[in-house]
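J.: here is my input; please provide its structure:
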Amino acid sequence: MSSAPFDDDLDPDQSGAGWQPLLEKPGYEQWYDGAEWRGRPHREPDPFSAFTPDLARSLRPGPNRAAHVARIGIAGILLSFVLQTLVATSTIVISGVEQIALIIAALVVAAAIGIGTAVAATLALRAAPRLGGKAIASLALGTSILLGLAPVLLLVAIGLAGGVQAG
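T.: Residues are numbered from 1 along each chain as shown. Purely as a prediction, here's the structure:
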């Protein structure tokens, strides 16, 4: 990987951060932050795919570590949503543990993942102009608000209602 900027004749936008083609590896691109190469090379997006190349690039976290965490958080939120559903429908039952305790535990796990993803996505959005990953961070923030933070509201509602009474 070269740390030298591009030749002006080949890429007029060498001063700004962004995905730039690798001259020594045709068909690949890498994040250039305006001063140095960051992250690992990726294949250039297919111009004939369902997504535009710019959208495909923005869905990559690039060297933005917070965007990597936020992308993993999306999967965690979806898995915790499935867990909540399985526990709430009594598909998952643990002998000796009341079902309401399992439901509260699933809500707490989902809330923690949702909050962690929201924080990572916010940090990723702040770093996106310099490091990329804006679309994936935006998707993670939306997912954490819609699915991941809903358990927080349920836990607050349960707490305001006086908690759960043993039946």
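
J.: for the chain, what spans make up the helices?
T.: Using DSSP state H, the helices of the chain run over 53-58, 65-88, 99-131, 134-143, 150-160.

J.: output these as JSON lines; include the columns mean pLDDT, mean neighbour count and distance to P41.
T.: Quick note: C-beta positions are derived from backbone N, CA and C, even for glycine. Formatted as JSON lines, those follow (pLDDT from 0 to 100; neighbours: other C-beta atoms under 10 Å; distance: least, C-beta to C-beta, whole Å):
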{"stretch": "helix 53-58", "mean pLDDT": "82", "mean neighbour count": "17", "distance to P41": "13"}
{"stretch": "helix 65-88", "mean pLDDT": "93", "mean neighbour count": "19", "distance to P41": "16"}
{"stretch": "helix 99-131", "mean pLDDT": "92", "mean neighbour count": "19", "distance to P41": "16"}
{"stretch": "helix 134-143", "mean pLDDT": "94", "mean neighbour count": "21", "distance to P41": "18"}
{"stretch": "helix 150-160", "mean pLDDT": "80", "mean neighbour count": "14", "distance to P41": "39"}
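
J.: neighbouring strands of the lengthiest strand in the chain in the sheet, and parallel or not?
T.: The residue-count maximum for a strand in the chain (DSSP state E) belongs to strand 37-43. When pairs are called by DSSP bridges, strand 37-43 turns out to pair with strand 28-32 (antiparallel).

J.: so Y32 sits against R38, correct?
T.: Yes. Contact criterion C-beta atoms under 8 Å: Y32 and R38 qualify, at 7.4 Å.

J.: what's near enough to touch L141?
T.: 70, 117-118, 121-122, 125 (C-beta atoms under 8 Å, 6 or more residues apart in numbering).

J.: which residues does R130 contact?
T.: 17, 33.

J.: what's the spacing between it and R40?
T.: Distance, R130 to R40, using C-beta to C-beta, to the nearest Å: 17 Å.

J.: could you measure from I77 over to T117?
T.: In terms of C-beta to C-beta, I77 sits 6 Å off from T117.

J.: count the neighbours of T52 for me.
T.: 11 (other C-beta atoms under 10 Å).

J.: let me know the pLDDT of it.
T.: According to the prediction, T52 has pLDDT 83.
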